[in-house]
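Chemist: Provided below for reference: sequence and predicted model.
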Amino acid sequence: MKVTRASALQLGLVSCHACHLLSRKPKASTHGVACCPRCGEELHQRKPNSLMRTWALVLAAIIFYIPANVLPMTITSALGTVQADTIMSGVIYFMQHGSWEIALVIFTASVFVPFLKFVILIYLLLSIHFKSIKRPKDRTRLYRFTEAIGRWSMLDIYVVTILVALVKLGFLADIEAGPAALYFALVVVTTMIAAESFDPRLIWDVVEEKHE
Amino acid sequence: MSEENSEMKRAEQAPEALVQTKRSFSIIWVVPIIALLIGGWLTFKAMTEKGPVITITFETAEGLEAGKTKIKFKDVEVGKVTEIALNEDQSGVVVTAEMTKDSKRYLTEKTTFWVVRATVAAGKVSGLGTLLSGAYIGVNPSAEGDKTKHFKGLEKPPLITAGMPGRHFVLQSKELGSLDRGSPVYYRGIKVGQVVDYNFDHDRDGVDIKFFIGAPFHKKVLENSRFWNASGVDLKMDATGIKLDTQSLVSIMLGGIAFDLPTYMEPGKEAEQDRVFSLFKDRASIEEKTYTFKQHYMLYFDQNVRGLSPGAPVELKGLRIGEVVDVNLEVNQETHTVRIPVLIVVEPERVDVLVTEEGVMTDKEEIQEEVEESRADLKYDLAEQVEKGMRAQLKTGNLLTGQLYIDIDFYPDAPKAKVEFAGEYPILPTLPKPFEQITESVARILKKVEKIPFDKIGKDLQVAVEALTGTLNEIKTMSGSINDETVPRINASLDKLEDTLEGIKSTLGPDSAINYNARQVTTELALAIRSIRSLLEYLERDPQALILGKEGDKK
């Protein structure tokens, strides 16, 4: 397969992150940094330190993922009975009470999706690391998917915050956010930033390198 | 140019600088490091805060739920039930619980666990909060004793938790009565404590009642304090009559214990923790002095002892000196006679003043000595007393209930008897009871009546009756003549009487002349009275008319 189009990299052009203006890359400038002639944004050929940042954030997210699942998400007190629920215990609760649809939604949004994101991001990172040229299109699609679903994991946090705000019936019923809510929010935020800091063009760089 | 070239060559000869990618430490790694630190801290916290895991066995897991039921001390959560399982032989449940780290040093043998459930009983409603929140496990921590992780849960919650100021004491009683765990203890009508527990003492064959007196009343429990059963209504019927005693309405329903000093006693020292007291049966009995020296005597009665029961008083001249211990029945196979041995106990110390050769003794110690001595002299003394006529006698204490008591008194006229020292106890001679004496007297009278010659009297009576019949016959003939002669005459007289009355009637009847005249006279009399009245009225108005005559006449 012959690549007929030349990439901006090959032509020595740089695209601005902010306004997407194509400009010529300055030659081996030793002092100062290249800036966009139109908007003044710093210019980079690729996202700087993309791989390392993504790795760091993915690792941080995985670490946060543990307390997010082990610690209680909500602390419900109804008629004097205080009950602390983790994400999984909530899922199991809904499953046992027949609301498997809700259980599925919670499980997907709160457990499965963050986990899927780790897997995808690590796969992408590893594929670039080992200069894989297999199915670059699919990998790009995976990346877009990861970026798209990232924000939906926040659903759980929204539900918890809404419940905490709504259910304030004193002794009758009261819901408080558990420590897991914080860690879960951190997981979502770090994975989102990780996905953001990953540069999908790197997938193609490798492919093009191999073809030359 | 050549110079330039040579310079260039020289420059080319210099080694080329290496272009290396700068291995700078990216700030982004701070994020996972922070994450690691947080994760590590959380793990460390979880590890260090993880308390010991203990097991508690209960009879039933009613109200307990794994993962939800909490272990609380003073309503502070100190643990959580993690697992509930049946024990091996299925006779109970084993509750596995995770305790907090701080509770570690309180997990000793003396620490007790129990399940707190809602209780609604007479006089007490507790644990209502558990109706909504579910049962929880209460704990009474104790730092004393050996460490353990396996506990046997109490089936009933203890009433006193650790750290309550006060003291525990023990009461020895023959029976529990209406007392129960939680029964109140009163001091002068104020509830100052409660029964915590009770055990059966196999050695003593009685009940040990453990109770707790809260501060500051525990200082009121003295060495010589006396406790009595204030349970319910104490209705007593004995030789002294009917007696009703109650402490309070609550104690009527639940029973209770009260304590105080006997009125004659000086306050002693404060009682130590776990001091053992004995339980008196009622308020009155605490006032009774306790006597250490007791002398048993045996009495034999031949007559009916119905109404004599153990505990009946033994009185000397109306004062209690002891009580009946036992009443039995003995049958003599040879003579086929029945007699009733009654064992009594006499407390000689009750007799306060002893008369000796020197005179009246007042010092108690001296009396004590005398009592000791008298023990030796008992044989002699007793024989002498009996010689003087000392006898025991059954007497009716209460005519209504028929309760009997033993009365010891001196009967100088009593038939001679001697005290026997043959058996286990000295045997005192007895006299039949007074009622018995009455029946005996009646019997004696009857015997005399028997001696009356009824047949002779009967014969005489027959003669008399015959004479009486003759007399009656004479009366009969006499009444015959009355019928024939006297009655017609009486009739004639009556006829005459009738005529006379008729005459009187005609003279005085409504149409008679006398009657008419009388009417006439009364009319005249009425007129006369009227005129007199008018005259009087006139005179009242004009008294001068008496002298001056009527005014109208003057005109």
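Modeler: It's in.

Chemist: Next to chain B, which bits of chain A? Give me the list.
Modeler: A:49, A:52-53, A:56-57, A:59-61, A:63-64, A:66-67, A:71, A:79-81, A:83, A:183, A:186, A:190, A:197 (CB under 8 Å from any CB of the partner chain). Where you see a C-beta, it was placed from the backbone N, CA and C, and this is true even at glycine.

Chemist: Report the buried members of those.
Modeler: A:49, A:53, A:56-57, A:59-61, A:63-64, A:67, A:71, A:183, A:186, A:190, A:197 (16 or more other CB atoms under 10 Å in any protein chain shown).

Chemist: Quickly check those residues for the two that are furthest apart.
Modeler: Pairwise distances across those peak at 31.9 Å for A:Asn49 and A:Leu71 (criterion: CB to CB).

Chemist: The nearest residue to B:Lys104 once chain neighbours are set aside: neighbour count?
Modeler: Taking CB to CB, 6 or more residues apart in numbering or on different chains, and ignoring the residues beside it in sequence, B:Lys104 has B:Pro52 as its nearest neighbour in space, at 5.5 Å. Applying other CB atoms under 10 Å in any protein chain shown, we find 15 residues neighbouring B:Pro52.

Chemist: Name the residues of the helix or strand in which B:Pro52 is found that are buried.
Modeler: Using DSSP states H and E, B:Pro52 sits in strand B:50-58. Neighbour-count burial for strand B:50-58, with 16+ other CB under 10 Å as criterion, is recorded at B:Gly51, B:Ile54, B:Thr55, B:Ile56, B:Phe58.

Chemist: of the residues you listed, closest to A:Ala34?
Modeler: Nearest to A:Ala34 among these, with distances taken as CB to CB, is B:Gly51, at 60.2 Å.

Chemist: any idea how far B:Val81 is from that closest one?
Modeler: Distance, B:Gly51 to B:Val81, by CB to CB, to the nearest Å: 13 Å.

Chemist: One more: B:Glu466?
Modeler: Counting by CB to CB, the gap from B:Glu466 to B:Val81 is 113 Å.

Chemist: more crowded one of those two?
Modeler: Set B:Glu466 next to B:Val81 and count neighbours by other CB under 10 Å: B:Val81 wins out with 21 against 10.

Chemist: Name the SS class of the more buried one, please.
Modeler: Secondary structure, DSSP: H, G, I helix; E, B strand; the rest coil: B:Val81 is strand.

Chemist: Tell me who's in contact with it.
Modeler: B:Val81 makes contact with B:Leu64, B:Glu65, B:Ala66, B:Gly67, B:Lys68, B:Thr69, B:Lys70, B:Ile71, B:Val95, B:Thr96, B:Ala97, B:Ile137 under the criterion CB atoms under 8 Å, 6 or more residues apart in numbering or on different chains.

Chemist: Once you drop chain neighbours, what's closest to the fourth one?
Modeler: This means B:Gly67. For B:Gly67, the spatially nearest residue (CB to CB, 6+ apart) is B:Thr82, at 6.6 Å.

Chemist: what do you get for the last one?
Modeler: Here the nearest residue to B:Ile137 in space, its sequence neighbours aside, is B:Ile71; by CB to CB, 6+ apart that works out to 4.5 Å.

Chemist: I figured the one you found was touching B:Val78, is that so?
Modeler: Yes - in this structure, B:Ile71 is within contact of B:Val78 by CB atoms under 8 Å, at 5.4 Å.

Chemist: Could you list the low-pLDDT ranges of the stretch 1-150 of chain B?
Modeler: B:1-25, B:120-127, B:129-133 (pLDDT under 70).

Chemist: Tell me where it has strands.
Modeler: B:50-58, B:70-73, B:76-86, B:93-100, B:112-116, B:119-121, B:124-126, B:136-140, B:150-152 (DSSP state E, counting those that start in this stretch).

Chemist: Just say which of those strands is most tucked in.
Modeler: strand B:136-140 (a mean of 23; mean count of other CB atoms under 10 Å in any protein chain shown).

Chemist: That one pairs with which strands, parallel or anti?
Modeler: Strand pairing for strand B:136-140, determined by DSSP bridges: strand B:70-73 (parallel), strand B:112-116 (antiparallel).

Chemist: what angle sits between it and strand B:76-86?
Modeler: Calculated by axes from the mean of the first three to the mean of the last three CA atoms, to 10 degrees, strand B:136-140 forms an angle of 120 degrees with strand B:76-86.

Chemist: Need the contact partners of strand B:136-140.
Modeler: B:56, B:64, B:69-73, B:78-79, B:81, B:95, B:97, B:103, B:106, B:111-116, B:130, B:153, B:157-158, B:161-162.

Chemist: can you give me the helices in the stretch 251-400 of chain B?
Modeler: Taking DSSP state H, counting those that start in this stretch, the helices of the stretch 251-400 of chain B run over residues B:283-287, B:364-388.

Chemist: What residues of the shortest one count as buried?
Modeler: Meaning helix B:283-287. B:Arg283, B:Ile286.

Chemist: Map the structural domains onto the sequence of chain B.
Modeler: Split into domains by automatic domain parsing, chain B comes to B:48-152, B:166-287, B:295-447, B:453-495, B:513-548.

Chemist: Could you tell me the least trusted of these?
Modeler: For the domains of chain B, mean pLDDT drops lowest on domain B:295-447, to a mean of 74.

Chemist: Dihedrals phi and psi, the residue nearest to B:Ser142 when sequence neighbours are not counted?
Modeler: Distances taken as CB to CB, 6+ apart place B:Lys110 nearest to B:Ser142, at 3.8 Å, with adjacent residues excluded. Phi and psi for B:Lys110, reported as degrees, to the nearest 10, are phi -90, psi -10.

Chemist: isn't B:Lys110 right next to B:Asp146, touching?
Modeler: No - contact criterion CB under 8 Å: B:Lys110 and B:Asp146 do not qualify, at 9.0 Å.

Chemist: Common neighbours of B:Ile71 and B:Val78, please.
Modeler: B:Met99, B:Val139.

Chemist: which helix of chain A spans the most residues?
Modeler: What stands out as the longest helix in chain A, according to DSSP state H, is helix A:50-70.

Chemist: what mean pLDDT does that one have?
Modeler: According to the model, helix A:50-70 has a mean pLDDT of 87.

Chemist: Identify all contacting residues around that helix.
Modeler: Contacts of helix A:50-70 (CB under 8 Å, 6+ apart): A:47, A:86-88, A:111, A:114-115, A:117-118, A:121-122, A:125, A:128-129, A:179-180, A:183-184, A:186-187, A:190-191, A:193-195, A:197-199, A:202, B:26, B:28-29, B:31-32, B:34-36, B:38-39, B:42.

Chemist: Pull out the CA atoms of it and give them to me as CSV.
Modeler: Taking Å, rounded to 0.1, in the frame of the first residue of the first chain, the C-alpha atoms of helix A:50-70 are listed here in CSV:
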residue,chain,number,x,y,z
SER,A,50,2.6,12.6,25.0
LEU,A,51,3.5,9.0,25.8
MET,A,52,5.1,9.7,29.1
ARG,A,53,2.2,11.8,30.3
THR,A,54,-0.3,9.3,29.2
TRP,A,55,1.6,6.5,31.0
ALA,A,56,1.8,8.6,34.2
LEU,A,57,-1.9,9.5,34.2
VAL,A,58,-3.0,6.0,33.4
LEU,A,59,-0.9,4.6,36.2
ALA,A,60,-2.3,7.2,38.6
ALA,A,61,-5.9,6.4,37.5
ILE,A,62,-5.3,2.7,38.0
ILE,A,63,-4.0,3.4,41.6
PHE,A,64,-7.1,5.6,42.2
TYR,A,65,-9.3,2.9,40.8
ILE,A,66,-8.6,0.6,43.7
PRO,A,67,-9.8,2.8,46.6
ALA,A,68,-12.7,3.9,44.4
ASN,A,69,-14.0,0.3,44.3
VAL,A,70,-13.0,-0.8,47.8
